[in-house]
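Visitor: Okay, predicted coordinates and the sequence, questions at the end:
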Amino acid sequence: MKSPKLFFKRYLFVILAVAFYSCSEEKFQEINSIDNSDLFQVSKTTPIEGQYIVVLHENLISFRIDDSDYEGSHSLMRKEIGSLFKEYKISDENLERVYSLALTGFCAKIDKDVLSKLQKDPRVKYIEQDRMGTLGKPVDKPPFKGNEDTDPSTQVLPWGIKRVGGPFQYSGRNSVFIVDTGIQLDHPDLNVDIKKGFDAYNPKKKDWNLNDEHGHGTHVAGTVGALDNKFGVVGIAAGVPLVPVKIFFGPYANFTYSGMIAGIEHIGVRGIPGDVANLSFGGFDSSTALDEAVLRVSEKRRVWMVIASGNSRLPATSFSPARVNGNYTITVSAFDSRDRYAWFSHFGPPIKYGAPGISILSTWVGNSYRVETGTSMAAPHVSGLRVLGDIETNGYVLNYPISPTDPIAFKSN
């Protein structure tokens, strides 16, 4: 029989070893067993009663859309919809949104009896019921210690930025559109471009609120382009203009699919070739209209759409818009600081790169900084790389659930 004293010594050694290992893991942000509460929880969307997105066949409308003349095409689209409404006795007040670039169509409140007739109209390509949902309120966390002031010696290089080859000082003419909850406009660590911004939920520009009421968008923005200014954090493409495209509103980040599509359309209006749009959202359900909008704008304007794959450990083809696969779309999975697959990340085609997505330190509302986890945090690493030019790779994600695994996005410094 073993001595109780010897057993106790061995037991104590194991406990101390585990404690030391756990502390080291947390210090170097190498934990892959993140609690569910650390992820932004999303739920299925709910249909908006009587509200529909109607997409028309572009070759069956009475005019030709000119992609080089958005205002002119948009005006003609309104007239086209007005004639259609008159034909089906739909009040003009029922019109919610007009799309002439991301989609050829509109969003409107439509009675069921009219809907059944409209579905049979040969000009109609498809009709999708509009839906609404919420990203959810952020979990309360203590502020990140060590970044509460702006002393010149306090800037932190987040592990994810370093892993993909950054940081880089941005000096080009392109922008990154943060399609999200907005951005804290006066955050001292961000270069925010409000002139190109957009608020999907206030029809009048004078009422637009581009400020972040939630935090998610500000966090994404910091990973893309936080300034290299010797305090706070630094982003991949430090100083790149960050454009808030607000498709989530309020402290719970509420949204509609029609609002999301309006945000994508705006990118088509203001974006130029080489611009990047970061779409750190999805995993709600599927939307043909949203998928088509993302693909059309990316192809027409040659704007890169970088999309978070989702946090439900499912095939990446499960949800919109992560399932979109185009010449200018990049869906991104997540891994930890040891290059290990993040247990929550979606996987498989059309994912093109893996990027850091666990314990990511970045900017937060209230001039603060915060650690977050998710594929929402992985995508902006790739957005920052893409605005700099072609993306290289450096290794592959380990412990991937299927074969082949994802290459790790990287750029040589």
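Guide: Yes, it's here.
Visitor: can you list the domains in the protein?
Guide: For the chain, the structural domains run 46-132, 159-410, going by automatic domain parsing.
Visitor: Nearest to F144, out of the ones you listed?
Guide: domain 159-410 (4.4 Å; CB to CB). Just so you know, the C-beta spots here come from the backbone N, C-alpha and C atoms, and that holds for glycine as well.
Visitor: Determine how far the closest one lies from the middle of the whole chain.
Guide: Distance, stretch centre to chain centre, for domain 159-410: 4 Å (CA atoms, centre = their mean, to the nearest Å).
Visitor: can you give me the strands for the stretch 1-150 of the chain?
Guide: For the stretch 1-150 of the chain, applying DSSP state E, counting those that start in this stretch gives strands covering 46-56, 95-99, 105-109, 124-134.
Visitor: now the stretch 201-350 of the chain
Guide: Assigned by DSSP E, counting those that start in this stretch, the strands in the stretch 201-350 of the chain fall at 237-238, 242-246, 254-256, 276-279, 304-308, 329-335.
Visitor: Looking at these, which one is packed in the most?
Guide: Across these, averaging neighbours per residue (mean count of other CB atoms under 10 Å) puts strand 276-279 on top, at a mean of 31.
Visitor: for that one, packing partners?
Guide: Here strand 276-279 touches strand 176-180, strand 304-308, helix 375-388, going by 3 or more CB pairs under 8 Å, 6 or more residues apart in numbering; DSSP states H and E.
Visitor: With mean pLDDT and distance to F319 as added columns, please give the ones you listed in CSV.
Guide: Listed next are the helices and strands packed on strand 276-279 as CSV, based on pLDDT from 0 to 100; distance: least, CB to CB, whole Å:
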stretch, mean pLDDT, distance to F319
strand 176-180, 98, 16
strand 304-308, 98, 10
helix 375-388, 98, 11
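Visitor: With L60 as the reference, name the closest of the ones you listed.
Guide: Closest among the helices and strands packed on strand 276-279, using CB to CB: strand 304-308, at 27.4 Å.
Visitor: Where does the prediction get shaky in the stretch 51-200 of the chain?
Guide: 143, 145-153 (pLDDT under 70).
Visitor: looking at the strands of the stretch 1-150 of the chain, which is closest to E213?
Guide: strand 124-134 (12.4 Å).
Visitor: Extract the C-alpha trace of the closest one and format it as PDB.
Guide: Extracted C-alpha coordinates of strand 124-134, given in PDB (Å, rounded to 0.1, in the frame of the first residue of the first chain):
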ATOM      1  CA  VAL A 124     -41.500  38.500 -60.000                       C
ATOM      2  CA  LYS A 125     -38.400  36.400 -59.500                       C
ATOM      3  CA  TYR A 126     -39.100  35.500 -55.900                       C
ATOM      4  CA  ILE A 127     -40.700  36.800 -52.700                       C
ATOM      5  CA  GLU A 128     -39.200  36.400 -49.300                       C
ATOM      6  CA  GLN A 129     -40.900  37.300 -46.000                       C
ATOM      7  CA  ASP A 130     -38.900  39.900 -44.100                       C
ATOM      8  CA  ARG A 131     -37.600  38.900 -40.700                       C
ATOM      9  CA  MET A 132     -36.300  40.500 -37.600                       C
ATOM     10  CA  GLY A 133     -33.900  39.400 -34.800                       C
ATOM     11  CA  THR A 134     -31.300  40.500 -32.300                       C
END
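Visitor: which strands and helices sit next to the following helix or strand past that strand?
Guide: Next along the chain after strand 124-134, taking DSSP states H and E as the criterion, comes helix 159-163. Contact here means 3+ CB pairs under 8 Å, 6+ apart; on that basis helix 159-163 packs against strand 351-356, helix 375-388.
Visitor: before we move on, back to that, mean neighbour count, the domains of the chain: which tops it?
Guide: Highest mean neighbour count among those (mean count of other CB under 10 Å): domain 159-410, a mean of 23.
Visitor: Done for today, thanks.
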